[in-house]
Structures are given as C-alpha cells and as structure tokens.
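In: Give me a 3D structure for the following:
(2 chains)
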2 protein chains.
Amino acid sequence: MENFNFYAPTSIHFGKGEIKELTKIISEIGKNVLLVYGGGSIKVNGIYDEVYRLLPDSDFTITELAGVEPNPRIDTVRKGAALCHENNIDVVLAVGGGSTIDCSKAIAAAYYYEGDPWDFTQDRSLVQKALPLVTVLTMAATGSEMNMGSVLTNPETNEKLSTGGVAMIPRASILDPEYTYTVSKWQTAAGSADITSHLLESYFSQNTEAVVQDRMAEGIMKTVIKYAPIALAEPNNYEARSNLMWSSSLALNGLTRAGKKGTWSCHAIEHELSAYYDITHGIGLAIITPRWMLHVLNDQTVTKFVEYAENVWGIDSNGKDAFDVAKEGIQALYDAFVSWGIPMTLPEVGIDKEKIRLMSEKAIEHSTLATTAYVPLTADDVEEILLNCF
Amino acid sequence: MENFNFYAPTSIHFGKGEIKELTKIISEIGKNVLLVYGGGSIKVNGIYDEVYRLLPDSDFTITELAGVEPNPRIDTVRKGAALCHENNIDVVLAVGGGSTIDCSKAIAAAYYYEGDPWDFTQDRSLVQKALPLVTVLTMAATGSEMNMGSVLTNPETNEKLSTGGVAMIPRASILDPEYTYTVSKWQTAAGSADITSHLLESYFSQNTEAVVQDRMAEGIMKTVIKYAPIALAEPNNYEARSNLMWSSSLALNGLTRAGKKGTWSCHAIEHELSAYYDITHGIGLAIITPRWMLHVLNDQTVTKFVEYAENVWGIDSNGKDAFDVAKEGIQALYDAFVSWGIPMTLPEVGIDKEKIRLMSEKAIEHSTLATTAYVPLTADDVEEILLNCF
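Out: Residues are numbered from 1 along each chain as shown, chains lettered A, B, ... in the order given. Predicted structure coming up:
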C-alpha cells in the first residue's frame, strides 16, 4: 500500500428533510450568501423556495449566480468571483449537481486569488485559500460534495481540465435523496456510470496491496449495479436513490483511492470528448470504459480483471480460461450500461471521426496517461480505443 | 436508510515513516504537549525517542503521562487533566492503542470541564470542548484514532462505560503499519476480533435499507479474515499490517454505521466482562459474538445471517436450508477466531460462573439492550448467552 493522506472533513447531513439544517450551518459562517445554481430545475422542484424560507431576508443577504453550465465554464467562475467581491460574500452555497459544485469551488478559491482562475487548472498549488462552501446536492454522480476536486471547461481553447485543493473541500453538504427523484433517466444513468467509473479508475491500479480499498470499491459497485435499474424504473424509490446518493460521495471522497497510485485513464480520455463536443461526462465514460478495458487486458492485467469479474459480477471462474472470465466481466459492465439506456457508441452522442486523432493527442498532452496510467497509453492507443467506440 | 450525520474530519497520515509529519502537525497547534502512553512498549520500539527527536526541547515542552492501563481508568483521566492545567498544555499527543487514545480524549475534554470526568459517561452532552488531540497509533483495533468515542473504566464501581463527542475527534492521526510489527499474537488476534465486531454490530441492524454500508462492511470483514492469519504468521508483513491498520479505522469511523440504528449487543455484554474481570476487550468480544449470533438467529433474522454467510464467507446457499447456511456462517466465524489462537470459552480467560447473573443484569442496566438491540435482550437472554460460553 502506498503512503497516503486521507482527509474528508465535510460534515454530511444525509436524509429526508435534512435541508432543515441549512439555517444553522450557514449562520455559523456568515450572513452574505452567494447562491449558485444551474438551469433552474431547483425552482421547479421547490428547493429554491426552501432556501429562501430557511435564509430569510431578516437575517441573510442572498446574491444569486444562476445558469451554471453542465461542464461549467471558466467565464462563469470569473463572474461568480466578481459577485463575491461586489457583495462581500461570506459563504458560497452551491445547490445542484457536480457542475454547480465544481464551479462554486473555483469561485470560492478565485475570491482570494489575484490572477485568473483558469491558472488553477495549470497549477494546483495556486489554490491556497477559499471562501467557505456549503452544498445542497441534487444529483448522485460526481462526488464533488465531499472532496477537493473541481473540473472546469474553457470553451475558447476546447479544454476541460481539473484542479483542486484542500481549501475547496465543502464545509458541509446536505444530501437529501428525495431531491434526486426528479433527475431524468438520462442523468440517472449518466450519474451511475460516473460513480462506477470513479471506482474503476482506482480499482485498476498498479498497486496491488491496497486490498481493503478494493473490497470497499467492489461493495459500492455492487450497490450501484443493484440500485441504478431500480431508480430508473421507479424514480421515487427512496432505498434506491439513497444508496446511489451516498455511493456517489463514497466513490470519490478518497476512500477507494487512498494508498493507490496512477493516472485515471478513462477520465483523461473522456475530458477531451466533453471539451470538444460538450457531451454528458458520465455517458462519455460509459462508452469509453469497456473499450479501454479490452484494450488494456493482457497477461499482466488479466488477474485483476478476473478478480473484478468474480467479486463484482459474481462470475464463476472455476475451470475457465482467465481471459474468457475477464471478458465476461467486461461484457457484464457493457450490458449493464446498455440496460440503463446509455447509447454505447460515439456517433449516437454526435461525435464523428473528424477530431478523433486530435482528441487522442490532446488526451496525452493534458495528462500523464503516457507514463503513470494503469497501462501507459500512447496517442495511438487512445485513438484505437476511441475508434472501437464506433 | 435512516437519516445520518457523517463527520470524520481527522487528517490521517498513513504509511511508513509518516511520523515525520509530527513536527508540522504539532507546531501548527502549540508548544506545550502532554505525551500520553501506556506500559512503555513505545520505549522499546523506538517511537518514544522519535517523538523527542521530532519535538525538540528548543521548540516544544513535553509533559508525560505514562502508564495508561488497558481498559483505561478514570483516575488516570483525572491525573492527566490536572497535568494539563499545571503545565498549560496546548495539545494532547496520544501514542499507543485504543486505551491510550480513549484516555487522552477524556483528558482533553476534562480540561474544559469543571466537574468530574466520570460524568461524561453519564451524559455525553457534557463533552462540549476539548484540547486538540493528535494520535500516533501502535495497534490496529479500536478505531479510536478516527472517531469521537471513548470507553472508560471505574474500578471502584466495576463500571466500564462509553462516552464521546465531536470535540474528542482527533485532529490528526499518524498510522504507520510498521509500528504494529511488534504487537503480540494475542493482541493482534484481539484487535482483529475487535475490528470484526465493530463491523458486525452495525451489520446486524433492524434497518435493512443501508445497503452500501453493508457491502463496505463485508469488504472490510473479508480483508480482516484474509490478513489476520498472515499478520499472525508473519508479524513483519507490511501488506497484512497495513490492511489491518486501515481496516481498524474504517470499521469505526462512522462509515458502516451511518444510516443504521440500534444498540450494539456484544459490546454491551463484553463491557461487563472487562469491568468485572479486566479481560482483553477483543477477546471477550470474540468469545461472545458467535454465541450471541446463535441466540438471536430466528425466522426474522435468518435472511440477514444467510447474506452474511454468502457475502463474507463465500458459502454457497444453493438448495440448502436457510438455517443451515446461517449456522455455517456463524461456525466459520467461530473457527476463524480459534485459528487466530483465541481461547473461545470464559473459563480460559479466568471467568467462572459466580458473577454471570450479576453481569447479565448490569449489561441490561448499563445499556438499551432491552429495547433497541437488533434482537432485544433480557437479563435472562444475556445470562444464557454467557452460559453458552462455558
């Protein structure tokens, strides 16, 4: 097991009606609130009104930043940081999914940074200090509600890059599974694929000694496999929504990654798809992952793929060829994504072959895929993986 | 899933040589350090000297409280709190296992409490404020390094009772698996049983919807089952020691308990054994647990026991009677404890039948076993469970 630092200090308030804690949480920090949200679904489902009820004019001053994009843009971060200065903001309140939270993290840090916040994606050490951040989660997917990461997009340069820092970790997050009842089938499937990918990216690591992490990751994967179809069939099923929601936080708060090393392969590739085509992140991951798995399956990795097939999918390996078992596990994942309604080819999400080579080269350029991935990849490898998605 | 608050803000520094972080961690808090430790093994294995090297006289003033007992006593807490006042202590540094850490937590809180610290065991709301606590863990067992709990013993009244509060959560904990190389076979087995018990106590809960928690608990249990025998056979096996050490923290930092309800049954019973006979906590748990399982196995609980047998022990239930499968799982646990070298009867740890009835009644009196346990128990039930340990 590699040495690691585990630090996940976010206070999680999980369950029905936990929004009631908002007044206490915010008032312990300050009065001037920047409320950040996305396309306005929170006005439809009542959370917006609830926030205003719990943070009344008599005690709080709310400034709004609405319209955060899926794949949040650096311009929105700049706008948010300016609002914080103009309104003496004490606390950033993100109400939404991973995009809204990622954007809010960058705003909170940009407040204390004199340069341009896009710099954060070039050098994480620039994230030194941030306004306190509180989140109200409305989607089970990115895990941003309980970690230090933020992914930002610069549409001018077609770049989608990540940053992060301890200062960006949310102070508190409110997770009410009922808020995800109205999440569409598309986003439910994409979110479940995103959670699955976060687990798989660390599960397949060159480090083989971090066993308790892998056993936990398998447990979370099995939970997602069980409950994603139920949430898709019965959007108001609390048991399914609550297990998916908590799984999303657990999959990316450092627990399953601690003690393991290596660059995340599918995320590095997918970020190029989203940067050039603005597709839904989780859908891109679902399309890429099984192809990546087949590409990196070899004599060195087959044992881990057999472990995956057995422990996650319950595939009996007795008397079978290891590569056959490994491929059964990969096929099981592919079939699950299909059953969740995910289109499993790039043309189905509007991507043709024109920029495949460019994106393959950019994936190498923007990451350490070539050196520290589970199986190091060249631009040719990435291109082959992407062409297998047609 | 029940609503829950998850809050585990301890900064964990895990791995070989991580003691190097001690200077930075302590200096960010203060200069006057209360060093708390147990029987002196830290002088043999070099950690004591390392602490003095990293906290030199030129920058820090160290006051010592040595000799914390296994099952730490309230008198030692009182003594520690007095030392804090006499020496203007800024930070409590616990170097040891769960007993040393539990004692240090109570000292840290007693510093700010005007009454007697035994009051904490009667009313947790009295734990309001505490000195910052840093721990260096030397044993994989209680999980105290990453949670808010503390168990204290009053030998005058034969009481072993728990307390806790957010203020008691360690600020930072250093977990170097190499520090556990010198832990005896007896303590390695007892610690592994303790970890297992922490997982089982929440696993068997009346709440059946907290599924991701149970899948993770199974993963941690499988890790302990795999590595306890390896650590016993090869005390210097880093892979085994590191997986056990991180499992100990994960088993009791709130992760597997979140969203579940109910009184812990085996702990409530074991605390009486330790209170009256001062036996090793983990050994008492190992003796009690399989007997408790058989006692509560019934038509309502059998499904959960089958799940346990299948998912933790890999027992194939196909075509078998559910009760037979459940009993196979319980027997597998019993056999594992035997294979770890744990004496599995009470007489072997010096307990005769004289106080069995008294301890059974006290277990009910000191807990909510009778009302909110997985299967509520009477004093007669507890007595029967204990008599089955002969």
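In: going forward, measure contacts and count neighbours with C-alpha atoms only.
Out: OK.
In: Can you give me every residue that contacts A:Asp90?
Out: Applying C-alpha atoms under 8 Å, 6 or more residues apart in numbering or on different chains to A:Asp90 gives the contacts A:Ile29, A:Gly30, A:Lys31, A:Asn32, A:Val33, A:Leu34, A:Leu131, A:Pro132.
In: so how far is A:Leu55 from the fourth one?
Out: In this structure, A:Asn32 lies at 10 Å from A:Leu55, with C-alpha to C-alpha, to the nearest Å as the measure.
In: can you check the second one too?
Out: Relative to A:Leu55, A:Gly30 is positioned 11 Å away (criterion: C-alpha to C-alpha).
In: about what we covered before: most neighbours, which of the contacts of A:Asp90?
Out: A:Leu34 (27 neighbours; other C-alpha atoms under 10 Å in any protein chain shown).
In: Give me the distance between the two termini of stretch A:106-125.
Out: With C-alpha to C-alpha applied, stretch A:106-125 spans 13 Å between its terminal residues.
In: for stretch A:206-214, that is, sorry about that
Out: Counting by C-alpha to C-alpha, you get 12 Å between the two ends of stretch A:206-214.
In: Where do the helices of the stretch 151-300 of chain A begin and end?
Out: Using DSSP state H, counting those that start in this stretch, the helices of the stretch 151-300 of chain A run over A:185-203, A:211-233, A:238-250, A:265-277, A:281-296.
In: With distance to A:Glu384 as added columns, please give the ones you listed in CSV.
Out: Shown next, in CSV, are the helices of the stretch 151-300 of chain A (distance: least, C-alpha to C-alpha, whole Å):
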stretch, distance to A:Glu384
helix A:185-203, 19
helix A:211-233, 27
helix A:238-250, 30
helix A:265-277, 12
helix A:281-296, 8
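In: quick one: contacts for the nearest residue to A:Pro132 once chain neighbours are set aside?
Out: Spatial nearest neighbour of A:Pro132, chain neighbours left out: A:Val91 (5.1 Å); criterion: C-alpha to C-alpha, 6 or more residues apart in numbering or on different chains. Each residue near A:Val91 by C-alpha under 8 Å, 6+ apart is listed here: A:Ile26, A:Ile29, A:Gly30, A:Lys31, A:Asn32, A:Val33, A:Leu34, A:Leu131, A:Pro132, A:Leu133, A:Val134.
In: so how many other residues sit close to the closest residue to the fourth one other than its chain neighbours?
Out: Right, A:Lys31. Of all residues not flanking A:Lys31 in the chain, A:Phe60 sits nearest, at 4.7 Å (C-alpha to C-alpha, 6+ apart). Close neighbours of A:Phe60, defined as other C-alpha under 10 Å, add up to 17.
In: In this structure A:Phe60 contacts A:Asn32, no?
Out: Yes. The pair A:Phe60 / A:Asn32 is scored as a contact, 6.0 Å apart, by C-alpha atoms under 8 Å.
In: So which bits of the stretch 1-150 of chain A are right by chain B?
Out: By the rule C-alpha under 8 Å from any C-alpha of the partner chain, the part of the stretch 1-150 of chain A lying against chain B is A:1-16, A:18.
In: Among these, name the buried ones.
Out: A:1, A:3-16, A:18 (16 or more other C-alpha atoms under 10 Å in any protein chain shown).
In: now the farthest one out in chain A, which residue is it?
Out: Each residue of chain A has a distance to the centre, and by C-alpha atoms, centre = their mean the biggest one is for A:Gly319: 38.1 Å.
In: Can you tell me the SS state at that residue?
Out: Under DSSP: H, G, I helix; E, B strand; the rest coil, the three-state class of A:Gly319 is coil.
In: Against A:Glu310, how distant is it?
Out: Distance of A:Gly319 to A:Glu310, given as C-alpha to C-alpha: 13 Å.
In: per-residue confidence at A:Ser41?
Out: Here the pLDDT value assigned to A:Ser41 is 89.
In: nope, A:Glu86 is what I was after
Out: Here, the pLDDT recorded for A:Glu86 equals 98.
In: That one: what's it in contact with?
Out: Counting by C-alpha under 8 Å, 6+ apart, A:Glu86 makes contact with nothing.
In: Relative to chain B, how far out is it?
Out: 32 Å (C-alpha to the nearest C-alpha, to the nearest Å).
In: Can you read off the backbone torsions of that residue?
Out: phi -60, psi -30 (degrees, to the nearest 10).
In: Report the buried residues of stretch A:232-244.
Out: Residues A:Leu232, A:Pro235, A:Asn236, A:Asn237, A:Tyr238, A:Glu239, A:Ala240, A:Arg241, A:Ser242, A:Asn243, A:Leu244 are the ones in stretch A:232-244 that count as buried (16+ other C-alpha under 10 Å).
In: contacts for it?
Out: With C-alpha under 8 Å, 6+ apart as the criterion, stretch A:232-244 contacts A:15, A:140, A:176-178, A:180-183, A:185, A:188-189, A:192, A:223-224, A:227-228, A:230-231, A:340, B:1, B:209-212.
In: mind redoing it with 7 Å?
Out: Stretch A:232-244 is contacted by residues A:140, A:177-178, A:180-181, A:185, A:188, A:224, A:227, A:230-231, B:1, B:209-212 when judged by C-alpha atoms under 7 Å, 6 or more residues apart in numbering or on different chains.
In: Kindly indicate the member of those residues with the most neighbours.
Out: So for those (other C-alpha under 10 Å), the most neighbours sit at A:Ala140, 32 neighbours.
In: Now that one: closest residue in space, sequence neighbours ignored.
Out: Distances taken as C-alpha to C-alpha, 6+ apart place A:Met245 nearest to A:Ala140, at 4.6 Å, with adjacent residues excluded.
In: Just give me the neighbour total for the one you found.
Out: When neighbours are defined as other C-alpha under 10 Å, A:Met245 has 29 of them.
In: ditto for A:Lys226
Out: Look at A:Lys226: counted by other C-alpha under 10 Å, it has 15 neighbours.
In: quick one: it from A:Ala233, how far?
Out: 12 Å.
In: quick one: the nearest residue to A:Gly259 once chain neighbours are set aside from A:Ala258, how far?
Out: Closest residue to A:Gly259 apart from its sequence neighbours, by C-alpha to C-alpha, 6+ apart: A:Glu2 at 4.3 Å. The gap separating A:Glu2 from A:Ala258 is 8 Å, by C-alpha to C-alpha.
In: Residue of the stretch 251-390 of chain A closest to chain B, please.
Out: Residue of the stretch 251-390 of chain A nearest chain B, by C-alpha to the nearest C-alpha: A:Gly259 (8.4 Å).
In: Adjacent strands (with direction) for the longest strand belonging to chain A?
Out: For chain A, the longest strand by residue count, based on DSSP state E, is strand A:4-14. According to DSSP bridges, strand A:4-14 has the following sheet partners: strand A:172-175 (parallel), strand B:4-14 (antiparallel).
In: So which bits of stretch A:114-127 are buried?
Out: Buried residues in stretch A:114-127, counted by 16+ other C-alpha under 10 Å: A:Pro117, A:Trp118, A:Phe120, A:Thr121, A:Leu126, A:Val127.
In: List of residues touching that stretch?
Out: With C-alpha under 7 Å, 6+ apart, stretch A:114-127 has contacts from A:Ile74, A:Ala109, A:Ala110, A:Leu161, A:Ser162, A:Thr163, A:Gly164, A:Gly165, A:Ala167.
In: Now whatever helix or strand A:Leu35 lives in: average pLDDT?
Out: According to DSSP states H and E, A:Leu35 maps onto strand A:32-36. Mean per-residue pLDDT for strand A:32-36: 98.
In: again with stretch A:200-210
Out: Mean pLDDT, stretch A:200-210: 95.
In: Is any residue of that stretch near chain B?
Out: Yes. Under the criterion of C-alpha under 7 Å from any C-alpha of the partner chain, chain B is reached by stretch A:200-210 at A:Glu209, A:Ala210.
In: Do me a favour and get the end-to-end distance for that stretch?
Out: 14 Å.
In: Can you report how many residues neighbour A:Thr208?
Out: A:Thr208: 16 neighbours (other C-alpha under 10 Å).
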